[in-house]
Structure formats: C-alpha cells, structure tokens
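**Student:** Output the structure for:
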Amino acid sequence: MIDVQKHISSSVDAIYQSYYTFLEQDLGYSILLNYNGEFNANLIRTFANGVEERMTQNGDKKFIIKRMFSILIEGLQNIYSHGGKDELGCQPVFLLVAHNKFQYKVLMGNILNAEDRELVKAYLGNINNHSEEELKQLYLSILKNGYMSDKGGAGLGVVTMRLKSSNDLNYQIYDFHEEKSFLVVEVCLDKS
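**Tutor:** Here you go, the predicted structure:
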C-alpha cells in the first residue's frame, strides 16, 4: 500500500526543488527568499517583511517594494484561507522569491483539493483575460457587491496580485492522486 502522506510530501519537495533549480541554475535568478514546509498564519507577515527588508537593502524603488509586499500578503493570505491540507491536516506549501536585474518572480505552491481544480483553472484564466481597466472594474464590483465565498474570501487577492504585477498570473496544477493536486502560481513583477 502506498503511504499517501509520504507521497504528497515527496512530491511537493520534488516540485519545489525543480522550480528552485530552474530559477537559479537555468534562468540565472538570485533567490531572495525560499521556504518549503508547513504553513501557518504567522509566516505571512514574516515572509512579507523579510522580502521588503531585503528589497530595501538591494536599493529597489519604493513603489516596487510596495507592490511586492501587496502581492505577497494577498497570495499568502489566499494560501492560508483557501489552500488544501494533506491527510494529516497539515498545509504544506512553498514560496520562492527570485530576481534578476529586470524582474522579480514569486512562486507560491499549495495543495489544491480535487473538487476545486477546475474552478481555480477557470478563475485564473478569467483573471488573465481581463485588461487592466476591466480588472479595476472587477475589483470595485467585488468590493461593492460584498461577495463572500464559503471559505470567507471575496476573490480580491488574485485580482490584486494581477493588478499589482501588471502581468498575467502563470500557473501549473500537478495531480497527486484522485483527491489532491498541487497548485503553483507564478507572479512576475518588473523592476521598472
């Protein structure tokens, strides 16, 4: 019999390692922050503040730092609120923040329950199909209508990440088995 927990953990580790290696060795990005492990709410502010401090030390422009901070807060809150859990009730995630002289790449990965897979694909695809003006209108509409999902979110996090990055959100979904998948979202933020 397959130990599903061990399989999920080793799969998450393998996915994380492949992205880390690709960013650093293949693309030549410098890794600013990397985390692969169990997630909790305390890590949201820790990660965002740590990246903000490193970007300030690197001499990045304030408006870029603010955009990055917003992207991280929204993305990590989404993971905390909507990310799936493994069979032991843990929430394995990874976070990579890398940069070169032109842009930052933020990669966030979390478990996705199988029943949410198609909904997530459709939502991210829909967000990417909007112009910046349409996204602003969608953002205001969500705020005005006060829509809340059954998990307590209004969908503003993904819209905010897309608006703050000014780039499409790239994503990949990896299937583990019938009940669980793993979602990796990549957000690119230009330095200029």
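
**Student:** for this structure, what spans make up the helices?
**Tutor:** Listed from the start of the chain, the chain has helices (DSSP state H) covering 4-21, 42-57, 62-82, 117-128, 132-145, 156-165.

**Student:** mean pLDDT lowest for which of these?
**Tutor:** Between these, the lowest average pLDDT goes to helix 4-21, which shows a mean of 77.

**Student:** The residue nearest to residue 32 when sequence neighbours are not counted - how many residues pack around it?
**Tutor:** Spatial nearest neighbour of residue 32, chain neighbours left out: residue 97 (4.5 Å); criterion: CB to CB, 6 or more residues apart in numbering. From N, CA and C alone the C-beta is placed, and that goes for glycine too. Taking other CB atoms under 10 Å as the criterion, the count of residues near residue 97 is 27.

**Student:** Give me the local confidence score for residue 97.
**Tutor:** On the pLDDT scale, residue 97 is placed at 98.

**Student:** For it, give me its contacts.
**Tutor:** If a contact means CB atoms under 8 Å, 6 or more residues apart in numbering, then residue 97 has 31-34, 51, 68, 72, 104-107 as its contacts.

**Student:** need those in TSV with distance to residue 137 and neighbour count, can you?
**Tutor:** As requested, these are exported to TSV (distance: CB to CB, whole Å; neighbours: other CB atoms under 10 Å):
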residue	distance to residue 137	neighbour count
31	36	13
32	33	18
33	33	15
34	36	16
51	30	21
68	24	25
72	25	26
104	27	23
105	28	20
106	25	24
107	28	24
